[in-house]
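Student: coordinates for the following, if possible.
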Amino acid sequence: MDTSPKIHDIKSKVLQQNEVGVREQSSGIQEQGQAARGNADRSRVIDALFSSSDRMCYDLQQQLRLAKESYEGFKRTLEGAQKLHASSQKNAETMDSLDQTLSDYVRFAADLQASSEKIDAESSSSLEMVELNRKALDTMVSFIMEISASVQKVSESNRVLRETSSEVGNIINQVRDIAANTNVLAVNASIQAARAGEAGRGFAVVAQEIRRLALDTDASVGQIESILDHIVHGIGETAEVFDLTLDKLSGADEMVQSAQERMSAISENVSHIKSSAGDLSGMAVRNSEQAKEMNAAVEALHTAVRGTSETALATIDIAEKQQKKHDESLRYNKQLQHEAEELQILATRFTDKDELIFGVNPFTTPDEIERMYAPIIADVCRASGCRSRTIIVRDYDALSDGLQAGYIDVGWFSPLAYVKARENLELDPLVTPKVKGKAFYQGLIVALKDSGLVQPTQLSGKKFGYVDPKSASGYLYARHILKQEGLDPDTLFGEAVFCGSHDQVIRDVLDGKIDAGATYDEAYENAERSGLPVHRLAVIARTQDIPKDSIAARLEVSEELRTRLRENFMAFTDFAKYQTQLEGFQPSTDAHYDVIRAVQSTG
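Tutor: Numbering: from 1, shown residues only. As a prediction, the model looks like this:
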């Protein structure tokens, strides 16, 4: 509620004067006006005064809202610039470290390139050595194979020699047997010669010689046999050596073949190493070039970061100065708004005795209220034997304040504003307007279709727009929807703002100033008729039926006049003439809004 001293002074003055005194003072002023300008001129001046004060109040309210948003924007700009400056300082320190790191990297890339080139050269040398070793192994294999063949030939000859030695042994045995037999025969001949006496003496000598020869032969055979045994033993040992040599040569052949295979693998690996070293050298060259480019880029970025830091400091200075100007502008806007409200209040004192002051919530623009609603009020008042003056108040509180202060006679309330006002005022609800045959409407939560928002649970962290804390569809029921979804409207949003009217909520969603907002179906339809691109909007939640507005009068308005107003509102049918959404009125009671009180009681 507005608590400015000037407004309270005016309210207290109005409350101190009874209605008769006010009417008499107004009558006196009217008589002076009639004498000076005439009734027609006076009426036009008063109409212009009301119209101007209405527009001033509404426009100043919007300007004040924009000034507050601008003020908050500059606060965020200042905070952002301060954060940017701090971040730039940190970035500058990081860039210093990065610059040093990149310098080290450039040196490393150069060392890597040199090492890669050295590896490539050493790989070439290694490959040549491997090739020479492979050729040496090939020669060694050929040599081993030749030796193995020669050893096999000698081994075969040794085998033949062993067999021949065996045959010689057999012959020696035969010679030994012959010598033994000859010795036996010689012995027998000697015996027979002895028996023959003198006649056998010559034969005995021969026998004795034969026996000696046999014995010599046996001794020679023994020597030959001993020599042959040595030869056979040597041949056997030689055969074993040859067999062992063949085994060793076979193992050496396998080892050399295995060495050849490993050497081939080594040759292939060294070739890969050489190829990889070549690739690594090329990569090292490219890395070195890229490192130099990166180093240059980092130096440029470092310069840019320093420039950003300096710009941030300049921005902080400008923002701080601009913030002071915004503070002053905001103060003047508030003061100007108070002056406009004073003008609006003072304008109500220039009314005639038969005039009623109707106060209307700013649920849409002043132009639409003057075009679609004020003429209906004027027609109903004429039919009731009085005239009307319609003022568009600043907000929901201002309407309640005006009725309480006595400079507004009848209020066109939104449902929740009526419930709130009824807590402190004695009001008589006259009628409720009907649209499309219904005396109720539905609250909506809308967002842009291309925002990806399709349900209330996705509103976490978003910027949300309400109409006013005393709006049913634009605040109370929107919060009720969120609570039914298990969401806490006090902590759900990243930021919640009050836009002042349903029309402004829709515009702010379309302009991207807020991510989603609370409004109602008739405001949505009215925005579509006024040419706003509401096809870009998506309804992501909808309330239950809400009782429509209440047109309620102060009890200071005579009961007879209140009755006539109620009857003539209900009898009015000429809606088409004013291009309004209204289709009729039905009687209203205070109990009609108990459903609002029930939702309100849930918090």
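Student: all the helices of this protein, in order from the start?
Tutor: 5-16, 19-36, 39-196, 201-347, 366-372, 374-383, 396-405, 415-422, 477-484, 502-510, 521-529, 559-571, 594-601 (DSSP state H).
Student: can I get these in TSV with mean pLDDT?
Tutor: Conversion of the helices of the chain to TSV gives the following (pLDDT from 0 to 100):
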stretch	mean pLDDT
helix 5-16	46
helix 19-36	48
helix 39-196	72
helix 201-347	73
helix 366-372	84
helix 374-383	94
helix 396-405	88
helix 415-422	90
helix 477-484	91
helix 502-510	94
helix 521-529	88
helix 559-571	96
helix 594-601	86
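Student: got JSON lines for those, with mean neighbour count and distance to Ile546 too?
Tutor: To be clear about C-beta, it is placed using only N, CA and C from the backbone, and glycine gets the same treatment. Formatted as JSON lines, the helices of the chain follow (neighbours: other C-beta atoms under 10 Å; distance: least, C-beta to C-beta, whole Å):
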{"stretch": "helix 5-16", "mean neighbour count": "13", "distance to Ile546": "31"}
{"stretch": "helix 19-36", "mean neighbour count": "13", "distance to Ile546": "34"}
{"stretch": "helix 39-196", "mean neighbour count": "15", "distance to Ile546": "24"}
{"stretch": "helix 201-347", "mean neighbour count": "15", "distance to Ile546": "29"}
{"stretch": "helix 366-372", "mean neighbour count": "16", "distance to Ile546": "20"}
{"stretch": "helix 374-383", "mean neighbour count": "19", "distance to Ile546": "22"}
{"stretch": "helix 396-405", "mean neighbour count": "23", "distance to Ile546": "15"}
{"stretch": "helix 415-422", "mean neighbour count": "24", "distance to Ile546": "6"}
{"stretch": "helix 477-484", "mean neighbour count": "20", "distance to Ile546": "6"}
{"stretch": "helix 502-510", "mean neighbour count": "23", "distance to Ile546": "13"}
{"stretch": "helix 521-529", "mean neighbour count": "19", "distance to Ile546": "10"}
{"stretch": "helix 559-571", "mean neighbour count": "17", "distance to Ile546": "20"}
{"stretch": "helix 594-601", "mean neighbour count": "15", "distance to Ile546": "7"}
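Student: of all the ones you listed, which one comes closest to Asp468?
Tutor: Closest to Asp468 of those is helix 396-405 (C-beta to C-beta; 5.2 Å).
Student: just want the angle from that closest one to helix 39-196.
Tutor: 150 degrees (axes from the mean of the first three to the mean of the last three C-alpha atoms, to 10 degrees).
Student: all further residue positions should be reported with the first residue as 8.
Tutor: Will do, 8 is the new start, and the previous item becomes helix 403-412.
Student: helices or strands up against helix 403-412?
Tutor: helix 12-23, helix 208-354, strand 362-367, strand 417-420, helix 422-429 (3 or more C-beta pairs under 8 Å, 6 or more residues apart in numbering; DSSP states H and E).
Student: relative to helix 601-608, how tilted is the last one?
Tutor: I take that to be helix 422-429. 80 degrees.
Student: how about the helices of the chain in TSV, adding distance to Val474?
Tutor: Formatted as TSV, the helices of the chain follow (distance: least, C-beta to C-beta, whole Å):
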stretch	distance to Val474
helix 12-23	23
helix 26-43	33
helix 46-203	12
helix 208-354	19
helix 373-379	15
helix 381-390	21
helix 403-412	9
helix 422-429	10
helix 484-491	9
helix 509-517	6
helix 528-536	9
helix 566-578	25
helix 601-608	15
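Student: about what we covered before: and Ser467, which of the helices and strands packed on helix 403-412 is closest to it?
Tutor: helix 422-429 (25.6 Å).
Student: and the contacts of that closest one?
Tutor: If you take C-beta atoms under 8 Å, 6 or more residues apart in numbering as the criterion, helix 422-429 is touched by 368, 403, 406-407, 410, 418, 420, 434, 436, 477-479, 482-483, 553-557, 559, 597, 600, 603-604, 607.
Student: the same query, at a cut-off of 7 Å, please.
Tutor: Helix 422-429 has contacts (C-beta atoms under 7 Å, 6 or more residues apart in numbering) with 368, 403, 406-407, 410, 420, 434, 477-479, 483, 553-554, 556-557, 559, 597, 600, 603-604, 607.
Student: return the distance of that helix from the chain's centre.
Tutor: Relative to its parent chain, helix 422-429 has a centroid offset of 45 Å by C-alpha atoms, centre = their mean, to the nearest Å.
Student: and it with helix 484-491, angle?
Tutor: 110 degrees.
Student: what sits against the residue nearest in space to the middle of the chain?
Tutor: By C-alpha atoms, centre = their mean, the chain has its centre lying nearest to Gly468, at 14.4 Å. Listed by C-beta under 7 Å, 6+ apart, the contact set of Gly468 reads Gly501.
Student: likewise for the one 5 residues further on?
Tutor: With contact set as C-beta under 7 Å, 6+ apart, Tyr473 has these partners: Gly481, Tyr482, Ala485, Ala503, Phe505, Ala525.
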